[in-house]
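# Predicted structure and sequence below. I'll ask about it afterward.
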Amino acid sequence: DEMDYRNEVNNLVEFRALYGDKGSAQASLHRNGRLVLPTPFFEFCSERVLATSWIEGEPLLKLGQTRLSADDLPLVEFGLSCTLSQLLRTGVMHADPHA
């Protein structure tokens, strides 16, 4: 079941309902950030394919950097806010820590 991407697209739909722009859990997030979520392309999704919109971004630690700076603190606080909201408020957890 974990490798059935139809489950993943259903999880994304639920997560968007909670944390998207008009999501019911959006208000529980720290106000210094905005969660950006991909949009699924249902017509291309199947058991073995998950197709979503591309979101540009950059890693919190830049190449060669070993420590965060004080300027990064708002992003760290927002990440903690998102994680705690998932664990304690909604029970719907998305954790995909790989790059």
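Thanks, I have the structure now.

# Going by C-alpha atoms from here, please, whenever you check contacts or count neighbours.
Noted.

# Wait, G20 touches L37, no?
Yes - G20 is in contact with L37 according to C-alpha atoms under 8 Å; the separation is 6.8 Å.

# Report the residue spans of this structure with pLDDT below the cut-off.
Within the chain, the stretches with pLDDT under 70 are 1-2, 30-33, 95-99.

# The same query, at a cut-off of 90, please.
Applying pLDDT under 90 to the chain picks out residues 1-4, 7-8, 11-12, 15-37, 57-69, 71-99.

# ok, longest helix in it?
helix 5-19 (DSSP state H).

# hmm, who's touching that one?
Helix 5-19 is contacted from outside by 1, 23-26, 35, 37, 40, 42, 45-50, 92, using C-alpha atoms under 8 Å, 6 or more residues apart in numbering.

# Would you mind giving me the ChimeraX syntax to select the buried ones in those?
Listed next is the ChimeraX selection for buried residues among the contacts of helix 5-19, using 16 or more other C-alpha atoms under 10 Å:
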select :25,26,37,40,45,50
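
# which stretches of the protein form helices?
Using DSSP H, helices in the chain cover 5-19, 73-84.

# Need the winner for burial among the ones you listed.
helix 5-19 (a mean of 18; mean count of other C-alpha atoms under 10 Å).
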